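Participant: Sequence and predicted structure, then a few things I'm wondering about:
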Amino acid sequence: MAAKKLGLKQRYAHMTRGLDWETSYQPMDKVFPYDTFEGIKIKDWSAWEDPFRLTMDAYWKFQAEKERKLYAVLDAFAQNNGQTKISDGRYANALKLFLTGVSPLEYSAHRGFAFAGRHLRGVGPRVASQQQSVDELRHFQTQAHTISHYNKFFDGISEFSHMHDRVWYLSVPKSFFDDARSAGPFEYMIAIGFAFEYVLTNLLFVPFMSGAAYNGDMSTVTFGFSAQSDESRHMTLGIEVIKFLLEQHPDNLPIVQKWVDKWFWRGHKVLGIVAMMMDYMLPKKVMSWREAWDIYFTEAGGSLFQDLARYGLRPPKYADQATVEADHVSHQNW
């Protein structure tokens with residue numbers, strides 16, 4: 001008799017949860033030393049809800065299709081001399097800001113999620129972290145490829161790796177990721193997966209892509225669309241991390257709250273470079289940083305923390321101060 005074909009749910013379980021095993025010749029605590037020292041208590045790793053619901057073969061298929069579409073647009077952009085369609089040559093400075101201030105963060109996120117995927121003993125978050133790690137590496141590569149067309153026509157764009165260690169404003173985003181990556185795996189997941197990806201990512205991506213569209217840069221807009229489905233998965237992972245930790249043990253709440261307070265504030269400081277771009281660097285303006293903050297943090301973040309209140313989590317400390325600073329942080333940075 002022919003073997004019965006597995007259903008979708010069974011196949012998914014085999015290809016993700018079925019990859020886990022208990023260690024035998026070394027204790028689990030020795031193999032996974034980093035997921036206990038932060039004080040987080042996990043009673044049941046199997047309670048993790050998989051936010052991506054993707055096996056690796058499905059993941060590669062989806063991503064390959066997005067790559068084909070993205071590079072078709074980039075080729076068309078290059079063949080039609082897309083650089084002549086931008087609003088003004090000054091717009092190239094916004095590309096330099098993105099390539100120096102954002103793209104290296106994508107690479108750091110790739111490294112950080114690879115670390116988290118190795119050091120969380122639950123197979124659910126491990127698989128999710130590995131997929132996000134590959135996402136972040138792809139983002140760095142596609143950003144560099146997208147902007148490389150402009151390198152033929154504008155000076156300084158090829159210097160982004162050289163400038164990484166030399167430009168003053170990069171000390172803020174670099175220290176953000178250096179400190180997150182040197183924390184434990186759970187703090188890293190809160191810092192990046194929740195505080196940055198869920199609470200703040202719209203303030204990063206939407207203004208940059210809107211600014212590109214307003215200023216005729218359709219190659220960067222296309223990259224933004226290509227990354228957006230990844231970002232929605234990342235946001236789902238961020239909210240799942242929070243819910244999972246808060247449902248596992250009441251002792252986790254004060255630790256998680258402290259991390260949310262800390263990484264929201266540091267993320268707000270990183271976003272000062274986006275504020276500077278929006279208020280000063282776009283030849284054709286989209287909206288002010290204050291308007292963006294009101295839409296993407298005050299309204300969206302307010303409803304998010306109302307939902308999380310049932311777990312005992314309150315809005316980040318100093319969120320009101322960050323809202324006050326939205327009026328003037330771009331001017332100070334500039």
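Facilitator: Yes, it's here.
Participant: His164 against Pro104, yeah?
Facilitator: Yes. The criterion here is Cβ atoms under 8 Å, and His164 meets it with Pro104 at 5.7 Å. (Glycine included, C-beta is placed from N, CA and C.)
Participant: Find residues that contact each of these two.
Facilitator: Taking Cβ atoms under 8 Å, 6 or more residues apart in numbering as the criterion, His164 and Pro104 both touch 170, 174.
Participant: Report the separation between Asp261 and Leu105.
Facilitator: Remark: distance between Asp261 and Leu105 (Cβ to Cβ, to the nearest Å) = 21 Å.
Participant: likewise Leu200?
Facilitator: From Leu200 to Leu105 the distance is 12 Å (Cβ to Cβ).
Participant: Over to Val260?
Facilitator: 19 Å.
Participant: between Asp261 and Leu105, which one's more packed in?
Facilitator: Leu105 (23 against 17; other Cβ atoms under 10 Å).
Participant: and the helix or strand harbouring the more buried one, how far out from the chain's middle?
Facilitator: Per DSSP states H and E: Leu105 is located in helix 103-119. Centroid separation for helix 103-119 versus its chain: 10 Å, with Cα atoms, centre = their mean, to the nearest Å.
Participant: Repeat that for stretch 44-52.
Facilitator: 20 Å.
Participant: Please apply the same query to stretch 214-231.
Facilitator: The answer for stretch 214-231 is 15 Å, by Cα atoms, centre = their mean.
Participant: can you check stretch 204-220 too?
Facilitator: 17 Å.
Participant: cool, and stretch 134-144?
Facilitator: Per Cα atoms, centre = their mean, the centroid offset for stretch 134-144 relative to its chain is 11 Å.
Participant: Could you list the buried residues of that stretch?
Facilitator: Residues of stretch 134-144 classed as buried: 134-140, 142-144 (neighbour count, 16 or more other Cβ atoms under 10 Å).
Participant: ok, residues contacting that stretch?
Facilitator: Against stretch 134-144 from outside (Cβ under 8 Å, 6+ apart): 59, 63, 67, 70, 98-99, 102-104, 106-107, 109-110, 113, 223, 226-227, 230, 233-234.
Participant: Restricted to buried residues, select these in PyMOL.
Facilitator: The buried residues among the contacts of stretch 134-144 can be selected in PyMOL (16+ other Cβ under 10 Å) with this line:
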select buried, resi 59+63+70+98+99+102+103+104+106+107+109+110+113+223+226+227+230+233+234
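Participant: and the longest helix belonging to the chain, what other elements does it pack with?
Facilitator: As assigned by DSSP state H, the longest helix anywhere in the chain is helix 218-248. Applying 3 or more Cβ pairs under 8 Å, 6 or more residues apart in numbering; DSSP states H and E, one finds that helix 218-248 contacts helix 56-79, helix 123-148, helix 201-214, helix 252-270.
Participant: orientation of it relative to helix 103-119 in degrees?
Facilitator: Using axes from the mean of the first three to the mean of the last three Cα atoms, to 10 degrees, the direction of helix 218-248 lies 30 degrees away from that of helix 103-119.
Participant: burial count for the residue nearest to Glu231 when sequence neighbours are not counted?
Facilitator: Spatially, and ignoring its direct neighbours in sequence, Glu231 is nearest to Thr201 (5.8 Å; Cβ to Cβ, 6 or more residues apart in numbering). By the criterion of other Cβ under 10 Å, Thr201 has 19 neighbours.
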